[in-house]
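1. dropping the sequence and predicted coords here.
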Amino acid sequence: MRTGKGISLLLVLIGLVLLAGAGLLNPKILRQREAYKLESANPIEADSELGIELKQLRVPTAALSIFRPIIISYLWIRADTLKNDGEYFDALTLRRTICALMPHVPSVWVNQAWDMSYNISVGLPTPQERWRWVMAGVELLRSEGLRYNPKDPVITRELGWIFQHKIGGISDDYHLYYKARLAYEMMAIMGQDRVDNERLARLAAAPLTWEELKQNADVVKLMEILRKAQPDWDTDEALEEGLWRYTRLTLNRIMQWDKYLEEEFSPELLGAIQQQLSTEAMNKLQTFMRARQLRRVWKMDPAFMLELNHKYGPVDYESEQQANLSLDWRLPWAHSLYWGARGLTYMDDNDFTFKAMNLHRLVYHSLQEMFHEGNLYVQSLGPPPEMPERQPGQEVLEKDLYTGQLMVINTEDLRMFPIAYQATLDILEAHKLAGEKEPMGVRDGSINLCKAGVVNLFMAGHTKAAGVYFTKLQQRVPDDPQYQTDLRSFVQEYVKKEVADISPKNARNYIVSFLRQAFLDYASHNDDKSAAAEEKARYVYEEYHRQFPNPEDRIAIDYPHLRDTALKDFLLDPSIYPLPKQLLLDRIAIDKPELYENLRAWYLEQKGPPNGPTAPVP
């Protein structure tokens, strides 16, 4: 009996010694946690929002003790089960809980955001619902993941990837809706058209807080006028929310598909805003509000956006120098560029690890996408179809203020080619200076990008610029015989290879695709691009017939008749919205009245599709 008590006492003493030893190690462990960025410095005393949330999280997390991994595993399995059963909102709650239990593990945030933006979104039937889930993943990363893991390159890379691939790619059936929706959100913040550097500089210079803004007496007076007209705007937050709703709905009205402005606001408020609309105080207030949307909602710094404009701004070929133009922030690839470049600011310049290279790829691939598809046309199409009622639990997602419908058309932006190409050269040069092995994937991609740029510049009539880059290409690969020729011969050979294995049917489709692009550019008054696209179509037609002189291999009709047929097919194609067709006809009526009359006679002679005409009657 005494032996048992002695052993128990000994064990208690050993436990106390071990506990004391653990206590002595605790300061060292805390310092290591701080060094490895596993928590904010001295979180118990931190007054920041992050510090407060960490203190709230500390007790339940610590209480789980050794059962914490088991509970996290269970929650993960349960969240996947709910997702597979279609219980998406319950799954979202569990996923946020998982992230809260492992807040300083970036891969956890990335995994949960990926599931929302990719796996859950595709299980929903409407583009509006899918968009909400795509952006729920983005919001999880930028508003929460980066809060607990500031300056983490893994999270910034994933943010950029969602914009580049999910929104900017074509893998999702509703990718066009995503592109239009992103364009709308940016237009609400920065204006209808492509933002310029001057406007972005004003956003960057906007005050950060209400206190700073209210140092301006005229702004304070304006706020009093608005509150007198709308008494429930009694706090700064209420005024900001209300004025932002007004701004969104005003954008809709400009696009001629809004019916809610008068229903949403009182006549007194609308009158007060109208009277103050052109004042400097209203301009300052709206600039502050728009900058707050970028900083607080989109987590984007206007100053860093302006810095990217200066570094990656498009080239003006007429002045033959970088014109310091603005990137088009309505494009998803501008956002992926932002997050890739932001992530690189957290890395060492000579860091070529897997994490760093992923960010470099994100940057130059975003620039390449803006070269291939960075010219954006936005058309207003009127109000959207009625949205289904939101289900219980959907209040976790932002209420939708998107009350209209846009169509976006992306075409090539040759001004971005020199920037995209230089970005590949910069990463290769950085490897060379650091004594690192040249990444072959980047090198080969850089050469192929330069080839495409040379051909497209030449086709678009920028012969001098095409010659400059062709010379650079010859200097980079002096031993390759395909470049040891003149520019025109190189372009002809390039096109010849493009059409070498094309059947007459596919060659015709290839030509028609260029012609359709020419029609869209012409409808949008982009005459240079329209002429370049038509030149490509004619060039491919002539090259195909030079390469295949056999009558059996030739395209059945001559080029003028092929163009005429492509135009009529374009006007009757039900997959093309009526608006660009009408814009095209309006231009033809002014610029080519004889062609317009011929189209009118043709249209009235034929009966049209079975369900009625899909193009407006000329």
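-> Now that the structure is in, tell me what you want to look at. Numbering: from 1, shown residues only.

2. specify the local secondary structure of the residue lying closest to D328 once chain neighbours are set aside.
-> Excluding its sequence neighbours, the residue lying closest to D328 (CB to CB, 6 or more residues apart in numbering) is R194, at 5.0 Å. (Glycine included, C-beta is placed from N, CA and C.) Taking DSSP: H, G, I helix; E, B strand; the rest coil as the rule, one finds R194 in the coil state.

3. so how many other residues sit close to R194?
-> The tally of other residues near R194 (other CB atoms under 10 Å) stands at 19.

4. now name the helix or strand holding K464.
-> helix 463-476 (DSSP states H and E).

5. do the same with L337
-> Counting by DSSP H and E, L337 is part of helix 332-344.

6. now that helix: how far from the chain's centre is it?
-> Between the mean C-alpha location of helix 332-344 and the chain-wide mean there is a distance of 9 Å, by CA atoms, centre = their mean, to the nearest Å.

7. buried residues of that helix, list them for me.
-> Under the neighbour-count criterion of 16 or more other CB atoms under 10 Å, helix 332-344 has 332-344 buried.

8. contacts for it, please.
-> Residues from elsewhere that reach helix 332-344, judged by CB atoms under 8 Å, 6 or more residues apart in numbering: 153, 156-157, 159-161, 163-164, 167-168, 178-179, 182, 300, 304-305, 308, 312, 327-329, 356, 359-360, 362-363, 365-367, 369-370, 373-374.

9. what is the neighbour count of the closest residue to A537 other than its chain neighbours?
-> The shortest distance from A537 to any residue other than its chain neighbours is 3.7 Å, reached at F514 (CB to CB, 6+ apart). The tally of other residues near F514 (other CB under 10 Å) stands at 20.

10. local confidence estimate at F514?
-> Here, the pLDDT recorded for F514 equals 84.

11. wait, K284 touches K214, no?
-> No: using CB atoms under 8 Å, K284 is not in contact with K214, being 10.7 Å away.

12. list the buried ones in the helix or strand K432 falls within?
-> Using DSSP H and E, K432 maps to helix 417-433. Using 16+ other CB under 10 Å as the test for burial, helix 417-433 gives 417-425, 427-428, 431.

13. what do you get for stretch 233-241?
-> Going by neighbour count (16+ other CB under 10 Å), the buried part of stretch 233-241 is 233, 239-240.

14. those residues into a markdown table, with extra columns for secondary structure and pLDDT?
-> Below are the buried residues of stretch 233-241 laid out as a markdown table (DSSP: H, G, I helix; E, B strand; the rest coil; pLDDT from 0 to 100):
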| residue | secondary structure | pLDDT |
| --- | --- | --- |
| W233 | coil | 92 |
| L239 | helix | 93 |
| E240 | helix | 91 |
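
15. name the nearest of the residues you listed relative to Q482.
-> E240 (59.4 Å; CB to CB).

16. can you show me the CA trace of stretch 421-439 as CSV?
-> Extracted C-alpha coordinates of stretch 421-439, given in CSV (Å, rounded to 0.1, in the frame of the first residue of the first chain):
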residue,chain,number,x,y,z
TYR,A,421,7.5,39.9,-74.1
GLN,A,422,9.7,42.0,-71.9
ALA,A,423,8.4,40.3,-68.8
THR,A,424,9.7,36.9,-70.1
LEU,A,425,13.1,38.5,-70.9
ASP,A,426,13.2,40.0,-67.4
ILE,A,427,12.8,36.7,-65.7
LEU,A,428,15.4,35.0,-67.9
GLU,A,429,17.8,37.8,-67.2
ALA,A,430,17.2,37.6,-63.5
HIS,A,431,18.1,33.9,-63.6
LYS,A,432,21.3,34.7,-65.5
LEU,A,433,22.4,37.4,-63.0
ALA,A,434,21.8,35.0,-60.1
GLY,A,435,23.8,32.3,-61.7
GLU,A,436,20.7,30.1,-62.0
LYS,A,437,19.9,27.7,-64.9
GLU,A,438,17.7,29.2,-67.5
PRO,A,439,14.2,27.8,-67.3
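
17. for it, what is the average pLDDT?
-> 89.

18. picking that back up, look at K284 and K214 and report which has more neighbours.
-> Just comparing K284 and K214: by other CB under 10 Å the higher neighbour count belongs to K284, 18 against 13.

19. next, the residue nearest to the more buried one when sequence neighbours are not counted: secondary structure please.
-> In this structure, K284 finds its nearest non-sequential neighbour in V219, 5.5 Å apart by CB to CB, 6+ apart. At V219 the chain is in helix, as set by three-state DSSP.

20. in contact with V195, which residues are there?
-> Counting by CB under 8 Å, 6+ apart, V195 makes contact with 186, 326, 328-329.

21. try 10 Å this time
-> The contact partners of V195, taken as CB atoms under 10 Å, 6 or more residues apart in numbering, are 186-187, 189, 203, 302, 305, 309, 326-330.

22. top of these by number of neighbours, please.
-> In terms of neighbours by other CB under 10 Å, these top out with L327 at 29 neighbours.
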